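Undergrad: what shape does this take:
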Amino acid sequence: MPLADPQLLKLEAYSALVARWNGVAGLVSRDDLGRFSQRHLLDSLALAPLLRQCEGFDSASNSPGTEVAETPLPIADFGSGGGLPGVPLAIALPWLTFALVDRSEKKARFLRRVRDELKLPNVRVLCADVRQLQRCSCKAVVARAAMPVQALWRHARSALAPGGYLLVMDRIVRAAQAPPAESPGGCEGATVRRHWTQMPRYGAWHGVLEVREMDP
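TA: Numbering: from 1, shown residues only. Predicted coordinates:
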């Protein structure tokens, strides 16, 4: 799904905020600032097609528009840090609500600045440990692979509403064609499926693990 010019401008403004705040809040490594768009923005946006599919908007023709959906439960970005992948996804999917969860007050202050300066009404910021989230506090969880998927699933499972799911950024493979589909195991009481998505001009396939409660 191509992004509109206002969305591209917000992504550029977000990159500028990361560069400005990085020395204070430690958002990304110094080496990554020069390749932030490729290494972090495009990487985060690889989740957008899967979120569209999971939420029932798998084509441009049935997009709900730009208004924030009237939904009581957000999609939580666990360990959001500098807002990855939550901020790029909130810009690309403005009808979905995202809760950016991080236990660092410095990073939470930065995320509030991003929300306010970029005027993102679909973003909430929670300065909290993910283990403090209550049951049924989110409809889905997204995360980069900051910890093993088994540990992420344990935390996500305790916060998800019935029917909720976890999407975890997994491996990156450089290949002309998508690697074979597979269903890796390793999460107790859950089904795990690996999807492959590709961003234009990136030259790599992103593996994303979808974890859901196993049917009784």
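
Undergrad: where exactly do the helices run in this protein?
TA: All helices of the chain, identified by DSSP state H, fall at 5-25, 36, 42-45, 48-54, 86-92, 105-117, 149-157.

Undergrad: comparing these, which comes out most buried?
TA: A comparison of the helices of the chain by mean neighbour count, using mean count of other C-beta atoms under 10 Å, puts helix 86-92 on top with a mean of 27. C-beta: built from backbone N, CA, C; applies to glycine.

Undergrad: so what's the gap between that one and the chain middle?
TA: 7 Å (C-alpha atoms, centre = their mean, to the nearest Å).

Undergrad: by contact count, what packs against it?
TA: Applying 3 or more C-beta pairs under 8 Å, 6 or more residues apart in numbering; DSSP states H and E, one finds that helix 86-92 makes contact with helix 5-25, helix 42-45, helix 48-54, strand 75-78, strand 98-102, strand 123-127.

Undergrad: so can I have a markdown table of the ones you listed showing mean pLDDT and distance to residue 211?
TA: What follows is the helices and strands packed on helix 86-92, written out as a markdown table (pLDDT from 0 to 100; distance: least, C-beta to C-beta, whole Å):
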| stretch | mean pLDDT | distance to residue 211 |
| --- | --- | --- |
| helix 5-25 | 88 | 28 |
| helix 42-45 | 85 | 18 |
| helix 48-54 | 91 | 12 |
| strand 75-78 | 95 | 12 |
| strand 98-102 | 95 | 17 |
| strand 123-127 | 96 | 21 |
